[in-house]
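J.: Only the shape, not the letters, is given here:
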């Protein structure tokens, strides 16, 4: 028992509050990844828009409407994801704070035999994190199914538009 107090005395265990640097690195990595993805997507948009416009201008217009519609639906259905992610960050921060507080007050907790209460509190906070993580996972999975389906559907759309033109002899084979 009283492991939290023994942690205070051990010199080889780092502070839980030092994990903030890991969080900052994660945010920075995601920001750089987002910037790179947006840059590549913008280049793709410019190049492929010119090609599609040259092939058949209404196809470009239809794909723009399709993209805007898909983006709007994803943003609308993705709103709860923002709330769940914010809750996850708050719950993780609460757990880290609680662990730091236990570590800083370990002597008093040991003296007053508060270890059972602190254990229950840490387990409750960890359970909150696990529960929210499951909700987050399930929501991301559902949204992922939608976006993947939507992404694959766009590959068939040009064939439906150009196909009749090809059959009527107004478009060449391999136009898209």
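T.: Perfect, I can see it now. Quick caveat, the model's predicted, so the values are computed rather than measured. Numbers count the residues shown, from 1 in each chain.
J.: Mind giving me the packing neighbours of whichever helix or strand residue 144 is part of?
T.: If you go by DSSP states H and E, residue 144 is part of helix 115-167. Counting contacts by 3 or more C-beta pairs under 8 Å, 6 or more residues apart in numbering; DSSP states H and E, helix 115-167 packs against helix 57-104. All C-beta spots, glycine's among them, are computed from the backbone N, C-alpha and C.
J.: So which elements touch the helix it packs on?
T.: helix 3-9, helix 20-55, helix 115-167.
J.: who wins for proximity to residue 83 among those helices?
T.: For these, the distance to residue 83 is smallest for helix 115-167, at 9.8 Å, taking C-beta to C-beta.
J.: Output the below-cut-off pLDDT ranges for the chain.
T.: 1-19, 174-176 (pLDDT under 70).
J.: Farthest from the middle of it: give me that residue.
T.: Relative to the centre of the chain, the most outlying C-alpha is that of residue 169, 46.0 Å out, by C-alpha atoms, centre = their mean.
J.: tell me the SS of that one?
T.: coil (DSSP: H, G, I helix; E, B strand; the rest coil).
J.: and the gap between it and residue 131?
T.: Applying C-beta to C-beta, to the nearest Å, the value for residue 169 to residue 131 is 61 Å.
J.: can you redo the helices and strands packed on helix 57-104 as TSV with mean neighbour count?
T.: Formatted as TSV, these follow (neighbours: other C-beta atoms under 10 Å):
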stretch	mean neighbour count
helix 3-9	14
helix 20-55	11
helix 115-167	13
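J.: Serialize the ones you listed to CSV and add fields for distance to residue 96.
T.: Output for the helices and strands packed on helix 57-104, formatted as CSV (distance: least, C-beta to C-beta, whole Å):
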stretch, distance to residue 96
helix 3-9, 14
helix 20-55, 8
helix 115-167, 9
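J.: looking at these, which is closest to residue 81?
T.: That would be helix 115-167 among these, by C-beta to C-beta, at 5.7 Å.
J.: just how off-centre is that closest one within its chain?
T.: Computed by C-alpha atoms, centre = their mean, to the nearest Å, the chain-centroid distance of helix 115-167 equals 9 Å.
J.: okay, the angle between that helix and helix 57-104?
T.: Put simply, helix 115-167 runs at 170 degrees to helix 57-104, going by axes from the mean of the first three to the mean of the last three C-alpha atoms, to 10 degrees.
J.: Need phi/psi at the residue farthest from the centre of the chain.
T.: Taking degrees, to the nearest 10, you get phi 80, psi 20 for the backbone angles of residue 169.
J.: Could you check how far it is from residue 146?
T.: Using C-beta to C-beta, one obtains 38 Å as the distance from residue 169 to residue 146.
J.: can you check residue 139 too?
T.: Taken as C-beta to C-beta, the span from residue 139 to residue 146 is 11 Å.
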